[in-house]
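A.B. asks: Need a 3D model of the following:
(one chain, ligands or ions: 2)
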Amino acid sequence: MSEPSHQYDVIVVGGGPTGENAAARVVEAGLSAAMVESELVGGECSYWACMPSKALLRPAAALADAKAVAGSREAVTGTLDAAAVLARRDDFATHWKDDGQVAWAEGAGITVVRGHGRLTGEKQVTVGEAELTAAHAVVLCTGSDAALPAIEGIADIGVWTSREATSAQAVPGRLVVIGGGVVGCEMAAAWSALGSQVTMLVRSGLLGGLEPLAGKAVQAGLKAAGVDVRSGVQATDVVREAGMVVVTLDNGQTLECDELLAAAGRRPKTDDLGLETVGLRPGSWLDVDDTCQVTAVDGGWLYAAGDVNHRALLTHMGKYQARVCAAAIVARAQKQELPIKPYVPWTATADRTAVPQIVFTHPEVAAVGMTERQARAAGLRVRAVEYPIGRVAGASLYADSYDGTAKMVVDITRDVIVGVTLTGPNVGELIHAATVAVVGEVPLSRLWHAVPSYPAVSEIWLRLLETYGL
Ligand SMILES: Cc1cc2nc3c(=O)[nH]c(=O)nc-3n(C[C@H](O)[C@H](O)[C@H](O)COP(=O)(O)OP(=O)(O)OC[C@H]3O[C@@H](n4cnc5c(N)ncnc54)[C@H](O)[C@@H]3O)c2cc1C
Ligand SMILES: NC(=O)c1ccc[n+]([C@@H]2O[C@H](COP(=O)([O-])OP(=O)(O)OC[C@H]3O[C@@H](n4cnc5c(N)ncnc54)[C@H](O)[C@@H]3O)[C@@H](O)[C@H]2O)c1
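C.D. replies: Numbering: from 1, shown residues only. Ligands and ions are numbered 1, 2, ... in the order given. From the prediction side, this is the model:
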């Protein structure tokens with residue numbers, strides 16, 4: 001790790017996936033960059049989010065795939081080996097050490113500065129005793145952490161958040177999950193597959209921001225796996241007694257469990273970031289324009305990318321914003337005029353039109369763009385069609401009773417797809433085709449000539465277009 005000099009072209013605060021990409025991009029373009037990291041280079045994603053959670057989920061999906069096909073089904077004679085799954089997860093979290101990521105960053109020419117960064121004024125960041133100055137820009141990439149729901153006692157009894165749910169070293173006998181968003185659904189699926197008796201407490205349906213068919217499919221999958229999904233009921237009070245957590249519900253019932261997971265959303269890591277020194281409110285999400293410049297700060301030197309700007313709390317979108325804001329910083333450093341319009345390298349257009357997401361439950365959910373409801377609310381003239389994926393030849397080959405649905409939302413005026421949602425085994429690998437169609441604004445009449453291979457699950461594209469009337 002290099003000793004920080006004190007003047008850099010760009011200072012990035014936060015070395016998660018977003019910060020790493022922002023720093024690497026500006027360095028590639030010939031600027032100098034310091035990246036300040038208070039915990040582990042690689043961020044939440046590498047150690048307590050995407051990678052360990054998917055490492056927990058993948059073995060269950062592999063087992064389900066094997067069980068879904070006559071012939072291989074007969075070869076499956078046991079259940080998941082929880083110890084082996086946890087050990088493989090530990091490997092994917094690189095045993096919570098960041099030597100590899102630090103070596104990568106330094107190899108990329110980034111100066112890694114260990115410690116907690118705070119703004120102290122325009123283009124000024126302090127890290128302990130060191131005062132760093134940026135010639136061009138400061139990029140805040142400090143991410144988010146779990147928000148505890150307003151439940152009596154929850155802050156005092158040591159509950160699980162996403163951190164513990166992705167790094168626990170033993171399988172709890174009984175796990176109660178509060179929240180039916182992506183973290184709640186994925187972690188309920190993972191720990192139930194590893195042997196926990198899981199109860200979910202959800203206010204309404206699962207996966208609220210997606211098409212309703214997604215939450216319904218995941219709820220059915222969780223129920224089939226033995227998860228007790230309780231809707232419309234809320235925890236009001238939690239206590240830990242004799243090593244056990246007792247949850248009181250608003251219907252007067254109580255639940256006992258060994259661990260309680262709070263999966264009720266995120267909060268920005270901006271409490272102790274010196275925001276007040278530049279006129280911003282500590283603890284707030286940071287509003288940015290499409291170049292990721294913080295809108296409430298004058299002078300054009302402060303950017304915020306990734307979770308902390310609350311545009312799309314996903315690693316791939318943080319990395320995209322990093323590429324976008326690095327392009328803007330480099331161009332502005334070269335005194336170039338930057339026309340702000342869709343789909344240029346320095347505008348994060350996809351944040352508003354084409355955010356893809358995969359939920360790695362069983363069944364998987366994959367979605368991009370707008371739901372039908374969102375498209376109508378945006379004032380579009382819309383027609384939506386659905387098709388059962390299991391009727392496609394490739395899907396019936398993939399699994400004996402492939403259960404899944406595809407939904408396509410079309411903007412009738414422009415004859416283009418504005419949203420796609422898929423449920424079913426392995427549909428995550430299909431969603432990028434939809435993303436290309438949405439971003440490319442490919443007219444359906446042209447998409448008709450994108451012929452899917454036979455017999456692959458991607459023939460769902462042909463079926464959707466036929467159902468639409470082509
Ligand atoms: C359980 C779970 C599973 C997820 N799975 C997926 C998934 O499968 N796919 C996906 O796309 N997204 C997933 N996400 C979301 C994904 O983790 C985040 O969108 C992503 O980590 C955001 O990246 P970031 O770089 O903006 O922030 P982070 O990854 O949070 O990194 C921010 C970094 O900044 C550092 N930092 C904070 N404040 C300071 C400071 N003042 N000084 C110095 N350093 C500081 C932190 O230590 C951290 O290393 C998941 C989230 C959770 C909780
Ligand atoms: N596979 C992936 O891409 C992946 C996986 C995990 C997380 N993520 C990202 O991380 C972010 C955070 O996920 P999350 O699931 O923590 O948040 P979320 O905002 O997606 O869901 C939180 C859920 O908790 C519910 N909730 C809030 N307070 C509650 C209470 N008191 N009782 C019951 N329910 C309550 C909310 O209604 C909501 O449904 C998401 O934006 C997601 O995109 C992505």
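A.B. asks: ok, now how distant is residue 27 from ligand 2?
C.D. replies: 28 Å (Cβ to the nearest ligand atom, to the nearest Å). To be clear about C-beta, it is placed using only N, CA and C from the backbone, and glycine gets the same treatment.
A.B. asks: whoops, residue 205 was the one
C.D. replies: Taking Cβ to the nearest ligand atom, one finds residue 205 at 9 Å from ligand 2.
A.B. asks: ditto for residue 72
C.D. replies: Residue 72 is 26 Å from ligand 2, by Cβ to the nearest ligand atom.
A.B. asks: now swap in residue 408 and tell me
C.D. replies: From residue 408 to ligand 2 the distance is 21 Å (Cβ to the nearest ligand atom).
A.B. asks: what's the answer for residue 63, then?
C.D. replies: 19 Å.
A.B. asks: and that residue, what does it touch?
C.D. replies: 76, 79, 80, 193 (Cβ atoms under 8 Å, 6 or more residues apart in numbering).
A.B. asks: how many neighbours does the second one have?
C.D. replies: The one in question is residue 79. Counted by other Cβ atoms under 10 Å, the residues lying close to residue 79 total 11.
A.B. asks: for whichever residue of the stretch 351-470 of the chain sits closest to ligand 1, what are its contacts?
C.D. replies: Nearest residue of the stretch 351-470 of the chain to ligand 1, counting by Cβ to the nearest ligand atom: residue 360, 6.4 Å away. For residue 360, the contact set (Cβ under 8 Å, 6+ apart) comprises 53, 54, 57, 58, 61, 186, 189, 428.
A.B. asks: Could you check the pLDDT of the last one?
C.D. replies: Pointing back at residue 428 there. As predicted, residue 428 sits at a pLDDT of 98.
A.B. asks: What residues does the stretch 51-200 of the chain have near ligand 1?
C.D. replies: Neighbours of ligand 1 within the stretch 51-200 of the chain, by Cβ under 6 Å from any ligand atom: 53, 54, 116, 117, 141, 142, 143, 144, 162, 166, 183.
A.B. asks: Report whether the first one is found in a strand, as I expect.
C.D. replies: No: with DSSP: H, G, I helix; E, B strand; the rest coil as the criterion, residue 53 is located in helix rather than a strand.
A.B. asks: quick one: the helices in the stretch 351-470 of the chain?
C.D. replies: 372-377, 393-398, 431-440, 444-447, 460-468 (DSSP state H, counting those that start in this stretch).
A.B. asks: Nearest to residue 110, out of those helices?
C.D. replies: helix 431-440 (28.8 Å; Cβ to Cβ).
A.B. asks: buried stuff in that closest one?
C.D. replies: Counting neighbours by 16 or more other Cβ atoms under 10 Å, one finds that the buried residues in helix 431-440 are 431, 433, 434, 435, 437, 438, 439.
A.B. asks: same deal with stretch 111-121?
C.D. replies: 111, 112, 113, 117, 118, 119.
A.B. asks: which one among the residues you listed gets closest to ligand 1?
C.D. replies: residue 117 (3.6 Å).
A.B. asks: mind listing what the closest one touches?
C.D. replies: 11, 13, 14, 36, 38, 125, 126, 127, 132, 273.
A.B. asks: Any chance you could spot the residue sitting in the middle of the chain?
C.D. replies: In the chain, the centroid-proximal residue (Cα atoms, centre = their mean) is residue 314; its distance is 3.2 Å.
A.B. asks: quick revisit: as TSV, the buried residues of helix 431-440 with pLDDT would be great.
C.D. replies: Output for the buried residues of helix 431-440, formatted as TSV (pLDDT from 0 to 100):
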residue	pLDDT
431	98
433	98
434	98
435	98
437	98
438	98
439	98
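A.B. asks: Can you add distance to residue 18 and give those residues back as JSON lines?
C.D. replies: Listed next are those as JSON lines, based on distance: Cβ to Cβ, whole Å:
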{"residue": "431", "distance to residue 18": "21"}
{"residue": "433", "distance to residue 18": "26"}
{"residue": "434", "distance to residue 18": "24"}
{"residue": "435", "distance to residue 18": "19"}
{"residue": "437", "distance to residue 18": "26"}
{"residue": "438", "distance to residue 18": "23"}
{"residue": "439", "distance to residue 18": "20"}
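A.B. asks: Quick check: phi and psi at the one residue in the stretch 301-450 of the chain that gets nearest to ligand 2.
C.D. replies: Going by Cβ to the nearest ligand atom, ligand 2 is nearest to residue 313 of the stretch 301-450 of the chain, at 3.6 Å. Per-residue torsions, residue 313: phi -80, psi 70 (degrees, to the nearest 10).
A.B. asks: same deal with residue 124?
C.D. replies: phi -120, psi 130.
A.B. asks: Report how many residues lie close to it.
C.D. replies: Residue 124 has 17 nearby residues by other Cβ under 10 Å.
A.B. asks: three-state assignment of the closest residue to it other than its chain neighbours?
C.D. replies: The shortest distance from residue 124 to any non-neighbouring residue, by Cβ to Cβ, 6 or more residues apart in numbering, is to residue 133 (6.0 Å). Classification of residue 133 by three-state DSSP places it in strand.
A.B. asks: Residue 133 touches residue 121, doesn't it?
C.D. replies: No: if you go by Cβ atoms under 8 Å, residue 133 and residue 121 don't touch, sitting 9.8 Å apart.
A.B. asks: That concludes my questions; thank you for your assistance.
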